[in-house]
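Undergrad: Model the structure of this input:
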Amino acid sequence: MHITLLGTSHGDGTASRFQSSTLLESGGRYYLIDAGEPVDTLLVRQNVIAAQISAVFITHMHLDHTGGLPNLIEHMFKYRSRFPEIVPVCCLPDADAIDALEAWNRANGIGKVPRLVPYDSDWHYEDGTLQVQAVRSGHLKNHKSYSLIVQAEGRKLVFSGDLASTFDFPLNESQDADCVFCELVHFPFELALPTLKKLRTSRLVFVHMSDPCQTAEGASHVLATCRKELPYPVEFAADGDRIAL
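TA: This next block holds a predicted model:
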């Protein structure tokens, strides 16, 4: 299994980081966690085109996680004849988004590619290669936001999505993960430490980086604290990082 961090910034792109998107490769299939801009172009840089994506999982509907969806869907339609065996699905945490995306597709002459499916906390995705479970987070008060627990090839991954300012990380569901990808912008880092000390994982990767953590000084402070306080390796993701598990 390979994980490529396509975009690792906070809500805005920066000079060195694009908005949130992560590419998963497992069993010869490709999957996306979130689709911030410019995800379609970043896929091309990985020698992958949108029509090769089997499934897209959106953690919540904020534009920094979804802004690249229209172009991604357009290219899934444009190049679908190259990969006729792939029937892509886009899993969305808010059913209201489906009407909006389908209207956008009609306005651009795009057929129903991919299939748009709403999900909630009772939902479970499984296609023979990848399994995904959603855990509700408190990031949004009036809309739905989720962390995702992903399993494939005997490995367990956790994608925190955006969390509440109280750091409502899904600790129980994340235990014994091979790798945890955790955002680092919506809560004070020190607030997260007591929970992270209880986490059993082989590796923690911080993504969705705040402005202070995108500086050498800020990154150094957090990593030094993690080395002192946490019993597992911790690293900061950068756009384009590729992790093999």
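
Undergrad: I'd like to know how far the residue nearest the centre of the chain sits from D40.
TA: In the chain, the C-alpha nearest the mean C-alpha coordinate belongs to I33, at 3.3 Å (Cα atoms, centre = their mean). Here the criterion is Cβ to Cβ, to the nearest Å. By it, I33 lies 15 Å from D40. C-beta coordinates here come from the backbone N, C-alpha and C atoms, glycine included.

Undergrad: just S147 next, same as before
TA: As it turns out, when the distance is counted by Cβ to Cβ, S147 lies 25 Å from D40.

Undergrad: higher neighbour count, these two?
TA: Neighbour tally, S147 and D40, criterion other Cβ atoms under 10 Å: the higher count belongs to S147, 26 against 21.

Undergrad: The more buried one falls within a helix, correct?
TA: No. Using DSSP: H, G, I helix; E, B strand; the rest coil, the assignment for S147 is strand, not a helix.

Undergrad: any idea how far it lies from L43?
TA: Distance of S147 to L43, given as Cβ to Cβ: 23 Å.

Undergrad: what do you get for E173?
TA: E173 sits 28 Å away from L43, taking Cβ to Cβ as the criterion.

Undergrad: of these two, who's got more company?
TA: Using other Cβ under 10 Å, the more surrounded residue of E173 and L43 is L43, with 24 against 15.

Undergrad: in a strand, that's where the more buried one is, yeah?
TA: No. Residue state for L43 (three-state DSSP) corresponds to helix; a strand is not indicated.
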